[in-house]
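Peer 1: Sequence below, structure please.
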Amino acid sequence: MLVNKQQVETFIPQKSPFVMVDTLLSYTQTTSVSQLLIKDDNLFLKNGFFQEPGLIENIAQTAALSSGYKAQIANEPIKKGFIGAVKRLKVFKLPGTGDLLTTSIHILNNVMNASILKGEIKINDVLIAECELTIFTDE
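Peer 2: Got it, this is the predicted structure:
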């Protein structure tokens, strides 16, 4: 584990209760993996299920956590990011309370201050959601 739950908020601009990542498990220049345990007090929980906006936010915050970790390694300031587009969103199953999400992002392209990435969310190695995000960073 590269970043634990107590450290997460130092790497991303979001603050509790809007934090949708618990840990950063792995990082490379193009791929990162995070985890999130769905708890019963999560803002995106409805009728016991984590909703689609939460899934998108989980992928986006995995990217933010990865970017923040990269900035810390390079001894640079952490930049804020903004979702510019969501494409090809597929949700195969909504997770529920107690589910542990493992989210991976893969950077497909970087152009100036925009990154296009593919995100996948799994529970026990079973794909439950995926999408492409375009994220713009505040320069």
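Peer 1: From V91, how far off is the residue sitting furthest away from the middle of the chain?
Peer 2: Here the chain reaches farthest from its C-alpha mean at N47, the gap being 22.6 Å by C-alpha atoms, centre = their mean. Using C-beta to C-beta, to the nearest Å, N47 is found at 15 Å from V91. All C-beta spots, glycine's among them, are computed from the backbone N, C-alpha and C.
Peer 1: The residue most central in space within the chain: what secondary structure?
Peer 2: Centroid-nearest residue in the chain, with C-alpha atoms, centre = their mean: T62, separated by 2.4 Å. What DSSP: H, G, I helix; E, B strand; the rest coil gives for T62 is helix.
Peer 1: before we move on, what about the one 3 residues further on?
Peer 2: In the three-state summary, L65 is assigned as helix, counting by three-state DSSP.
Peer 1: ok, it - contacts?
Peer 2: When contacts are counted by C-beta atoms under 8 Å, 6 or more residues apart in numbering, L65 touches 3, 8, 11-12, 21, 24, 32, 34.
Peer 1: what does M20 give?
Peer 2: M20 touches 14, 36, 42, 44, 54, 57-58, 61, counting by C-beta under 8 Å, 6+ apart.
Peer 1: Which one of the residues you listed is nearest to T28?
Peer 2: Checking the contacts of M20 against T28 by C-beta to C-beta gives Q61 as the nearest, at 18.0 Å.
Peer 1: what number of residues lie near that closest one?
Peer 2: 25 (other C-beta atoms under 10 Å).
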